[in-house]
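>>> got a sequence here, can you model it:
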Amino acid sequence: MEAATPRDFFEKILPQRFKPEKAAGVDVIVQVSITGSDGGNWVATVKDQKLDLKEGTHPTPSLSLEMADKDFVDLINGKLSAEKAFFTGKVHFKGNIALALKLRDTGFL
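Numbers count the residues shown, from 1 in each chain. Take a look at the predicted model:
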């Protein structure tokens, strides 16, 4: 199942894709800011092997990601690798890279 928009991903796909068994010991708040006409702000909290998603912003997230809407859709649909997005400047990332890699294992990215 491919996401058409970032909202589509956060509301329909990520809750099904999330792998709680891979989230053991992960305690993180992720601020995702998507720019463009299909953009928006979402806060994803992973704690106690559960995923909580809300639209909005968090004052002190553990990780922050900022991307253009089209690049984000390519990333979550597997058309753009996280590494390529990072190294080509398509994603602006702040926080602990090891934590981000753990999140990837949970199905988040």
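
>>> list the contacts for the closest residue in space to Lys90 that isn't next to it in sequence?
Using CB to CB, 6 or more residues apart in numbering and skipping residues adjacent in sequence, the residue nearest Lys90 is Asp71, 4.5 Å away. C-beta coordinates here come from the backbone N, C-alpha and C atoms, glycine included. Going by CB atoms under 8 Å, 6 or more residues apart in numbering, Asp71 touches 80, 85, 90-91.

>>> quick check: Asp71 vs Leu99, distance?
According to CB to CB, to the nearest Å, Asp71 stands 21 Å off from Leu99.

>>> buried ones in the regular element (helix or strand) spanning the residue nearest to Lys90?
Assigned by DSSP states H and E, Asp71 belongs to helix 69-76. Across helix 69-76, burial judged by 16 or more other CB atoms under 10 Å covers 69-76.

>>> tell me the first helix or strand C-terminal of it.
Per DSSP H and E, helix 69-76 leads on to helix 82-87 as the next helix or strand towards the C-terminus.

>>> can I get the CA coordinates of that following helix in CSV?
Extracted in CSV, the C-alpha atoms of helix 82-87 (Å, rounded to 0.1, in the frame of the first residue of the first chain):
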residue,chain,number,x,y,z
ALA,A,82,16.8,7.5,4.0
GLU,A,83,20.5,7.6,3.4
LYS,A,84,20.2,9.3,0.0
ALA,A,85,17.6,11.8,1.4
PHE,A,86,20.1,12.6,4.2
PHE,A,87,23.2,12.9,2.0
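
>>> can you list contacts of it?
Contacts of helix 82-87 (CB under 8 Å, 6+ apart): 67, 71, 75, 90-91, 93, 104, 109.
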